[in-house]
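A.B. asks: Sequence and predicted structure below; questions after.
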Amino acid sequence: MRLAEERERLCETGRRMVRDGLVLGTSGNVSVRAGDLVAVTPGGVALDELTPADCPVLDLSGEMVEGSRAPSSEVPMHLAIYESTGTAAVVHTHSRYAVVVSTTMTELPPIHYNALLLGGAVRVAPYATYGTPELAAHVREALTGRQAALMQNHGAVALGGDLTQALEGARLLEWLCAVYVQAKMIGEPRVLSEEELIGVIGRAALSARESARRSVTTAPAPRGREDGR
C-alpha cells in the first residue's frame, strides 16, 4: 500500500480532531504530502472511523493513484495550498469558535502573543461554496505569510511541516478564537500592538541564542587519546 505510514497518521489525526471537538459528523478533512503524492481523507466518512485503506492517494494534479473511496470534496483547496506553499500537511476543521469568528469578522486580531505562531493576525477568507476553485483561491490568498486562516461562514485551515504541527496549529487557532469570543462577553479585547509583537519576537530570539550557548558550554569535552597525545 502506497504511503502506508502517512495514511495511518491521517487516521490518528482524524481521531484526535474528533476527540478535541474540532469537527462534527463527517465534516473536516486532512491531507499529508510525500513528494509528488498526497494522501487525503475520503468524503462522507467520520474522521474517527477511518482506516488507512479508506484514505485515497492522489498525485498533485488530483488524479487518483490508489484507493477505492472518493477523496474529500475539498481536494482543490488542499492541492492549491500545496502548490503555493512549502507545507507538508493540511488540517481543515469546522470547530465551534473558529466558525463563530469567521461569521462576524474579517480577521482575528492578535490578542495573545501565541498568534505569532500562526504568523500574526489570522485572516478570514471570503465565502465561496465548498469544494470550488473559488474557495481554494480565497484560502490560498488568506494564507499568504500565515500558517492558518479562517474561512467565512465555514471553518478553519492550518498548515504544518507534518500532521502533528498542522493539528497543533488548528488547536491553537480554535483556542485563540475562543479567547476572543469569551473576552468580548466582558468587554472589548485589548489587541497587542506591532511594537509589542516585535518585542515578543526579539525575546524569543534571545532565548534561542541563550539556549544554544548553554548547549555549547555544557557539551562534554572530547576525550583525548589514551597515550595523552
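C.D. replies: Arrived safely.

A.B. asks: all contacts plus neighbour counts: C-alpha atoms, from now on.
C.D. replies: OK.

A.B. asks: and the closest residue to residue 140 other than its chain neighbours, helix, strand or coil?
C.D. replies: In space, residue 140 comes closest to residue 81 once its chain neighbours are excluded; the distance is 5.8 Å by C-alpha to C-alpha, 6 or more residues apart in numbering. Of the three states, residue 81 takes helix according to DSSP: H, G, I helix; E, B strand; the rest coil.

A.B. asks: I figured residue 192 hits residue 114, correct?
C.D. replies: No. Applying C-alpha atoms under 8 Å, one finds residue 192 not in contact with residue 114, separated by 10.9 Å.

A.B. asks: that older thread, from memory the residue nearest to residue 140 sits against residue 138, does it?
C.D. replies: No. Residue 81 lies out of contact with residue 138 (C-alpha under 8 Å); the separation is 10.6 Å.

A.B. asks: The two: which is more packed in?
C.D. replies: Neighbour tally, residue 81 and residue 138, criterion other C-alpha atoms under 10 Å: the higher count belongs to residue 81, 23 against 18.

A.B. asks: any idea how far that one lies from residue 11?
C.D. replies: 21 Å (C-alpha to C-alpha, to the nearest Å).

A.B. asks: phi, psi of the residue nearest to residue 180 when sequence neighbours are not counted?
C.D. replies: Of all residues not flanking residue 180 in the chain, residue 189 sits nearest, at 6.8 Å (C-alpha to C-alpha, 6+ apart). Torsion angles at residue 189 (phi, psi; degrees, to the nearest 10) stand at phi -60, psi 140.

A.B. asks: This completes my enquiry, with thanks.
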